[in-house]
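Participant: Quick one, structure for this:
(chains A and B)
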Amino acid sequence: MKATMTSIHHHNTVLAIILMASFLFTVPLASAGAVESLTIPILYLHQTIDRPPVLSNIHVPPKDSGIKGAELAIHDSNTTGRFLNHHYQLQYISANDLKTAQQQTKQWLQQGHQLILAHLPAKTLVSLANTPGIQGKAILINIAAKDDELRTQHCTTGLLHVIPSRAMLADALAQFLVVKRWRKWLLIRGGMPEDKAFAKAIKRSAKRFGGKLLEEKHWRFDTDLRRTAQQELPLFTQTDDYDITLVADEAGDVGEYIPYNTWRPRPVAGTQGLTPLGWHAVVEQWGAIQLQNRFRSHAQRPMNDIDYAAWVAVRAIAEAVTRTGDQDASTLYSYLFSEHYELAAFKGRKLSFRPWNGQLRQPIPLVHPRALVSQSPQPGFLHPHSELDTLGFDKAEVSCHYRLTL
Amino acid sequence: MKRRLLISLTSLCMTILLPHGYASGADLAYISNEKDNTLSVIDLNSFDVVNTISVGLRPRGITFSHDQKQLYICASDSDSIQVMDIASLQVISDLPSGEDPEQFALHPNGQHLYIANEDSAVVTVVDTQSREVIAQVDVGIEPEGIAVSPDGKWAVNTSETTNMLHWIDTSTFTLVDNTLVGQRPRHVEFSDDGKILWASSEIGGTVTVVDVASRKPMKIIDFKIPGVHRDRIQPVGIKLTKDGRYAFVALGPANHIAVIDRTTYEVESYLLVGRRVWHMAFAKDQQLLLTTNGVSGDVSVIDIEDLEVIKSIKVGRYPWGVAVSQK
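Facilitator: You can find the predicted model right below:
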């Protein structure tokens, strides 16, 4: 997960004001009780996350993942804002390394702004969040890094996570498998650090929910599986009888060729097959079709989990601004953790932030490419506070010193 | 008798048989089936589905003209309001509706239809006689519920993502005020005297009771059902009895109707109905309450005097709206 020097823009740093909400002034609709105007600038800090080469290039992740979701949320929030005289602005900055990210963030803070969406690799994010002068001075919302360590060891006051952790995703899948009584698992993983991390999350979930890992296999294929999957994979997946094959291949390399090629006729889940994700284009329940339609007409493509995380991040801030009538980061931060805070975000339940590590509680859709299969938490997985806390790291598993005030 | 009535309805021998047939007393309930593109017609004496009628795409909100001769249907994915002639059960015209009409309310003047356009953040006002759009009012994201006050002064619309009630002055078609409520407001309903407005918040899990004169919330009602997680209690439809005694609130995936005493604002009981209950209508001079249960694909019938569910009737896929012709 090293930083890359390429970026969706040509220069090291591009300052681009994406949306200045110029239409705000055309509709004089603020209510009788409207107060003075508020302007809420939000920074979108982006470092392109490096992707390894993969066998098949059919599905290339869109380069504008994330930012399109943030733009849409700014537009949505301004529609609400015009009734309250609140104006949201988004500024996009592409930073190719930690140093640039630190400089740009400090500059943002010097301008008196404190709200930041972080589309960064975990390593950059941890360093940035702990930089003196930044740590505790801003609300930094992680929209892309799924690393569990960010939720257990490296939590930093002011750093929130709206993208689900790998642990949340694996737990969501494991609950479903347990409900289906598919308890015997064959785990296949690739060699990237992300694959190891997802495999680790799967193993943790197996322990939590009673899955039985029959075997863990690590592939080192150096042939072109596009042609030989039918010969190679049956041999590779020969083992004691399993109910399901779980795949850990986040980049979508060998994993794409595992469904239908296993030794036994068993379903495939994990990063391929039945997949737990924060969001996917097939989610249409709970009014989600409205969001999907709005996104599609804005971005000319389906909405993915990073787009959704960026959308939720802006909406989370905007909801706090709407309810408090304030844009001061410490006021918003306290409100985000108050018992009054609740966010509707097309997942059929109100969402809120975990006070022990700043992770957004949320249901996790389980999808195949053409339809929603299920959504976890599954019925029957109970929790004394919130069923949503059966996904990911609960309070007792986290040793961070996370403060609820900025 | 009802079968004969049905045959007579569909064979268009209306002029002779209808007055007699209706005089003998069958209330009919029309149910919009969102995922079947049909309406189911239920005879409320026999509780049988007596007809299924093909309509436009994704029918949701439905409401009668004041004379009950026409039924207006939001055909959301056809981007139109269809007008069905009840005598012939034929769609006789389409009204311009704006994009993705979801719910609407008819002004007491019987002429102006206020339509929430879910995809385009506007409320469209259509003249049902001239079939023209006479105004469009910008509101919040995902306008959903809509109601017109009994005196005709206000049209109030809810916006699901903006979380507000938008107050539209019907004499000028302008938005004059907004009331912030709980997450994802779905439905609004005026009391018969027009002094109080009830608004449900689906994700917030609450109902806000608003004083119409000040347009400020005066009461927020919470729900608790033993064995049902509070996140699954998602209020949508609201119905208020004309005697002022009860408010009924449909609680979505909690599969219950809350019965609220309107003098104390306390929940008096919860009635178990079908799965994912959204909208409701009174029938038989408010002796009965009908509910649409989307996931189980049926309609529950509640006896209001006894507060008991007396019947469940299978209809099409994803029943959404309900309108009753009362004779």
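Participant: Verify the assumption that residue A:320 is located in a strand.
Facilitator: No: applying DSSP: H, G, I helix; E, B strand; the rest coil, one finds residue A:320 to be helix, outside a strand.
Participant: Remind me which helix or strand the closest residue to chain B within the stretch 151-300 of chain A belongs to.
Facilitator: Closest contact between the stretch 151-300 of chain A and chain B, by C-beta to the nearest C-beta, is at residue A:290 (5.3 Å). Every residue, glycine included, has its C-beta placed from N, CA and C. Secondary structure assigned from DSSP states H and E places residue A:290 in helix A:288-299.
Participant: Quick check: mean pLDDT of that helix?
Facilitator: For helix A:288-299, the mean per-residue pLDDT is 96.
Participant: quick one: buried residues of it?
Facilitator: A:288, A:290, A:291, A:292, A:293, A:294, A:295, A:299 (16 or more other C-beta atoms under 10 Å in any protein chain shown).
Participant: for stretch B:101-113, same thing?
Facilitator: B:101, B:102, B:103, B:104, B:105, B:106, B:107, B:112, B:113.
Participant: Output those residues in CSV, with secondary structure and pLDDT appended to each entry.
Facilitator: Formatted as CSV, those follow (DSSP: H, G, I helix; E, B strand; the rest coil; pLDDT from 0 to 100):
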residue, secondary structure, pLDDT
B:101, strand, 91
B:102, strand, 90
B:103, strand, 93
B:104, strand, 95
B:105, strand, 97
B:106, strand, 97
B:107, coil, 97
B:112, strand, 97
B:113, strand, 96
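Participant: If we only consider these, which is nearest to residue B:273?
Facilitator: residue B:103 (20.5 Å; C-beta to C-beta).
Participant: shouldn't that closest one be in contact with residue B:147?
Facilitator: No: using C-beta atoms under 8 Å, residue B:103 is not in contact with residue B:147; the gap is 9.1 Å.
Participant: in the stretch 151-300 of chain B, which spans are helices?
Facilitator: With DSSP state H, counting those that start in this stretch as the criterion, the stretch 151-300 of chain B has no helices.
Participant: which bits of chain A sit near chain B?
Facilitator: A:27, A:29, A:31-33, A:76, A:79-80, A:83-84, A:287, A:290, A:293-294, A:319, A:322-323, A:342-344, A:348-350, A:386-388 (C-beta under 8 Å from any C-beta of the partner chain).
Participant: Return the subset of those lying in helices.
Facilitator: When the residues of chain A next to chain B are checked against helices (DSSP state H), the matches are A:76, A:79, A:80, A:290, A:293, A:294, A:319, A:322, A:323.
Participant: tell me the contacts of residue A:68?
Facilitator: Contacts for residue A:68 (C-beta atoms under 8 Å, 6 or more residues apart in numbering or on different chains) come out as A:62, A:295, A:298, A:299, A:301, A:303, A:307, A:310.
Participant: Could you dump the buried residues of helix A:288-299 into JSON lines with distance to residue A:261 added?
Facilitator: Converted to JSON lines, those look like this (distance: C-beta to C-beta, whole Å):
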{"residue": "A:288", "distance to residue A:261": "33"}
{"residue": "A:290", "distance to residue A:261": "38"}
{"residue": "A:291", "distance to residue A:261": "35"}
{"residue": "A:292", "distance to residue A:261": "32"}
{"residue": "A:293", "distance to residue A:261": "36"}
{"residue": "A:294", "distance to residue A:261": "38"}
{"residue": "A:295", "distance to residue A:261": "34"}
{"residue": "A:299", "distance to residue A:261": "34"}
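Participant: ok so, going back, from the chain's centroid, how far away is the helix holding residue A:290?
Facilitator: When distances are taken as C-alpha atoms, centre = their mean, to the nearest Å, helix A:288-299 is centred 18 Å away from the chain's centroid.
Participant: Pick out the residue of the stretch 1-150 of chain A closest to chain B.
Facilitator: Counting by C-beta to the nearest C-beta, the stretch 1-150 of chain A gets nearest chain B through residue A:80, at 4.0 Å.
Participant: just checking, that residue touches residue B:163?
Facilitator: Yes: at 7.4 Å, residue A:80 counts as touching residue B:163 under the criterion of C-beta under 8 Å.
Participant: what touches both of those two?
Facilitator: Joint contacts of residue A:80 and residue B:163 (C-beta under 8 Å, 6+ apart) are A:322, B:140.
Participant: Look up the closest residue to the residue of the stretch 1-150 of chain A closest to chain B, ignoring the ones flanking it.
Facilitator: residue B:162 (4.0 Å; C-beta to C-beta, 6 or more residues apart in numbering or on different chains).
Participant: ok, how many other residues are close to the one you found?
Facilitator: 28 (other C-beta atoms under 10 Å in any protein chain shown).
Participant: Find me the pLDDT at it, would you?
Facilitator: pLDDT, residue B:162: 94.
Participant: what's the distance between it and residue A:215?
Facilitator: Using C-beta to C-beta, to the nearest Å, residue B:162 is found at 52 Å from residue A:215.
Participant: again with residue A:304
Facilitator: 32 Å.
Participant: Kindly report the same for residue A:305.
Facilitator: Taken as C-beta to C-beta, the span from residue A:305 to residue A:215 is 29 Å.
Participant: Looking at the two, which one has more neighbours?
Facilitator: Under the criterion of other C-beta under 10 Å, the comparison of residue A:305 against residue A:215 puts residue A:305 first, with 23 against 13.
Participant: isn't the more buried one right next to residue A:277, touching?
Facilitator: Yes: counting by C-beta under 8 Å, residue A:305 does reach residue A:277; the two are 4.9 Å apart.
Participant: Quick check: closest non-adjacent residue to the residue nearest the centre of chain A.
Facilitator: Taking C-alpha atoms, centre = their mean, the centroid of chain A lies closest to residue A:163, which sits 2.1 Å from it. Once flanking residues are discounted, residue A:163 sits nearest to residue A:309: 4.3 Å by C-beta to C-beta, 6+ apart.
Participant: Near the one you found, how many other residues are there?
Facilitator: Around residue A:309 there are 28 residues (other C-beta under 10 Å).
Participant: quick one, phi psi at it?
Facilitator: phi -60, psi -40 (degrees, to the nearest 10).
Participant: measure it to chain B for me?
Facilitator: Counting by C-beta to the nearest C-beta, to the nearest Å, the gap from residue A:309 to chain B is 17 Å.
Participant: who's in contact with that residue?
Facilitator: A:66, A:69, A:143, A:144, A:162, A:163, A:278, A:279.
Participant: For residue 232, give me its contacts.
Facilitator: The chain I'm using is chain A. So, once contact is read as C-beta under 8 Å, 6+ apart, residue A:232 ends up touching A:221, A:223, A:225.
Participant: hmm, I had chain B in mind actually
Facilitator: Here residue B:232 is in contact with A:349, B:252, B:253, B:254 (C-beta under 8 Å, 6+ apart).
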